[in-house]
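Novice: Build me a structure from this.
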Amino acid sequence: MRGIVVYAVATLALFAAAAALAGCGSGDSISGEVLFHRDVELPEGATVTVTLQDTSLADASAIELGRDLIRDAARLPVRFRIEYSGDEIDDRNEYTLVARVESNGELLYINDTVHPVLTGGNPRNRDVRVVSVDPFDRCVAPLPVEIHSGFWDGDLPDDAVLQVRLWDATDPGQRELVVKGQFEDLGAFPIRVELPHEGVAVNRHHRYELEAEVWFDDELQMHISNADWRRTILPYCPSDNLMIVNDVFPLSEFPAE
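Specialist: Alright, predicted model coming up:
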């Protein structure tokens, strides 16, 4: 009889555990990564908060449906998981993810674009890309540049030199040189080079221009003649995912403007 009682108690415990697990899994969840355009270390004690919000009403505050608070986040990217009740989701409404990265009460990173989820054909799981609240992105690696030309076939002459200059042209009347480089042994187009990054910071609100000149026979042979063609959009420091690419043209056919 004692054995039967023990068996019955064990069976009830198993059923209770199974019910508890079923209860934990009955909710829905959203997962993904909070990421910057590159890996970045965070200050000690930084927190990452990701919230799921109902943003259907443009003239009313968003309604929070769930959040994940990640304490002592060491770096970005970092994974998140938000639990929410599927009963609160209306297919007619709009839902978005919002991410904030803070340290000692100071906001460091936030998403500046909308990240819709769940309804309207949007996915349930997705990453959230954030930007720094500091408009300057301080470069941590060489700046990749690729120069093309449709006016030259084969290798350039052995004495050919490429000069590249990146300018901050926010004030067209007083451009500021950001970084420059000179390169030899060019070979054929496209020419891939890297500008030094030490001390370089890119402001996503500024306007930039790239000057590229090819010299040989002691004369300027190819350049980017038009200021509009030199314009370069840099929301953050150039990288393999945001390479500076432009074309040079023969000076004889495209004089400086």
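
Novice: Which secondary structure element is home to the spatially most central residue of the chain?
Specialist: Nearest to the mean C-alpha position of the chain, by Cα atoms, centre = their mean, lies His37 at 2.7 Å. Per DSSP states H and E: His37 is located in neither a helix nor a strand.

Novice: Can you read off the pLDDT for it?
Specialist: Here the pLDDT value assigned to His37 is 93.

Novice: For it, give its distance to Leu166.
Specialist: With the distance defined as Cβ to Cβ, to the nearest Å, His37 ends up 18 Å from Leu166. Yep, even glycine has a C-beta here, placed from its N, CA and C like the rest.

Novice: what's the answer for Gln53, then?
Specialist: On the measure of Cβ to Cβ, Gln53 and Leu166 end up 39 Å apart.

Novice: More neighbours: which of the two?
Specialist: Leu166 (25 against 18; other Cβ atoms under 10 Å).

Novice: Can you read off the backbone torsions of that one?
Specialist: According to degrees, to the nearest 10, the main-chain angles of Leu166 amount to phi -100, psi 120.

Novice: Any idea how many residues pack against the residue nearest to it when sequence neighbours are not counted?
Specialist: Of all residues not flanking Leu166 in the chain, Val178 sits nearest, at 4.4 Å (Cβ to Cβ, 6 or more residues apart in numbering). Using other Cβ under 10 Å, Val178 has 23 neighbouring residues.

Novice: before we move on, what about Asp137?
Specialist: The number of residues near Asp137, taken as other Cβ under 10 Å, comes to 22.

Novice: Now do it, the pLDDT please.
Specialist: 96.

Novice: With adjacent residues omitted, what lies nearest to it?
Specialist: Looking at Asp137 with Cβ to Cβ, 6+ apart, the closest residue is Tyr236, at 4.3 Å.

Novice: Distance check, that neighbour against Thr170.
Specialist: Tyr236 is 16 Å from Thr170, by Cβ to Cβ.

Novice: the more surrounded of these two?
Specialist: Higher neighbour count among Tyr236 and Thr170: Tyr236, with 19 against 13, using other Cβ under 10 Å.

Novice: Give me the secondary structure label for the more buried one.
Specialist: coil (DSSP: H, G, I helix; E, B strand; the rest coil).

Novice: ok, now how distant is it from Gly120?
Specialist: Distance from Tyr236 to Gly120, by Cβ to Cβ: 29 Å.

Novice: Endpoints of stretch 80-90, how far apart?
Specialist: 23 Å (Cα to Cα, to the nearest Å).

Novice: Ok, stretch 98-116 next?
Specialist: Stretch 98-116: ends 10 Å apart by Cα to Cα.

Novice: Would you mark the buried spots in it?
Specialist: Residues Val98, Ala99, Arg100, Val101, Glu102, Leu108, Tyr109, Asn111, His115 are the ones in stretch 98-116 that count as buried (16 or more other Cβ atoms under 10 Å).

Novice: Present the residues you listed as a markdown table; the columns should include distance to Asp240 and secondary structure.
Specialist: Below are these laid out as a markdown table (distance: Cβ to Cβ, whole Å; DSSP: H, G, I helix; E, B strand; the rest coil):
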| residue | distance to Asp240 | secondary structure |
| --- | --- | --- |
| Val98 | 29 | strand |
| Ala99 | 24 | strand |
| Arg100 | 28 | strand |
| Val101 | 24 | strand |
| Glu102 | 29 | strand |
| Leu108 | 24 | strand |
| Tyr109 | 21 | strand |
| Asn111 | 23 | coil |
| His115 | 24 | coil |
